[in-house]
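[1] Here is a sequence together with a model predicted from it:
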Amino acid sequence: MSLVYRPRDPRSNKNGMLDKSLISDHLIRGAAPFVISDSMPHTRHMVTGEYFDSKAKFRATTKAHGCVEVGNEAATLLKPRKPIEMDRGQRREDIKRAIHELRNGR
């Protein structure tokens, strides 16, 4: 006997398991469980001003204009940042300059 997990089925046991033979074939395989739709709500592209309802067309336009979609740059995010090397005197002068600019309205 082969079991599948179907906790909402009234025929399942106390653990939510159901005999596979009781389920029709198309429900076992699933219609298309991992399909991600290409459609999206109409979205205005910030470069061209056009409205798109297709993710693929939106991304193609973004790429064609040399832009990067936010959240799409995983390789950049995985690189550790190099610390900015600064000597103690330079750091002190930068802090003094920043405080002076803040106090004088810059």
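    Now that the structure is in, tell me what you want to look at. Computed from a prediction, not measured in an experiment: that's the story for all the values here. Numbers count the residues shown, from 1 in each chain.

[2] contacts and neighbour counts: CA atoms only from here.
    Noted.

[3] tell me the contacts of the residue lying closest to Ser21 once chain neighbours are set aside?
    Nearest non-adjacent residue to Ser21, counting by CA to CA, 6 or more residues apart in numbering: Ser2, 7.8 Å away. Ser2 is in contact with 19-21, counting by CA atoms under 8 Å, 6 or more residues apart in numbering.

[4] Give me the subset of these lying in strands.
    Judged by DSSP state E, strands contain the following of the contacts of Ser2: Asp19.

[5] Retrieve the pLDDT associated with Thr43.
    With respect to pLDDT, Thr43 has a value of 90.

[6] Can you give the distance of the longest helix seen in the chain from its chain's centre?
    If you go by DSSP state H, the chain has its longest helix at helix 88-103. Helix 88-103 sits 38 Å away from the centroid of its parent chain (CA atoms, centre = their mean, to the nearest Å).

[7] Kindly report the same for stretch 49-56.
    How far stretch 49-56 lies from its chain's middle: 18 Å, per CA atoms, centre = their mean.

[8] Need the residues that contact it.
    Counting by CA under 8 Å, 6+ apart, residues outside stretch 49-56 touching it are 38-45, 58.

[9] what about 6 Å?
    38-44 (CA atoms under 6 Å, 6 or more residues apart in numbering).

[10] Check stretch 98-106 too.
    Here stretch 98-106 makes contact (CA under 6 Å, 6+ apart) with no residue beyond itself.

[11] List the buried residues in that stretch.
    Residues of stretch 98-106 include none that count as buried (16 or more other CA atoms under 10 Å).

[12] what helices or strands is the longest strand seen in the chain leaning on?
    The longest strand of the chain (DSSP E) is strand 39-44. Applying 3 or more CA pairs under 6 Å, 6 or more residues apart in numbering; DSSP states H and E, one finds that strand 39-44 makes contact with strand 51-54.

[13] Good, we can wrap up now.
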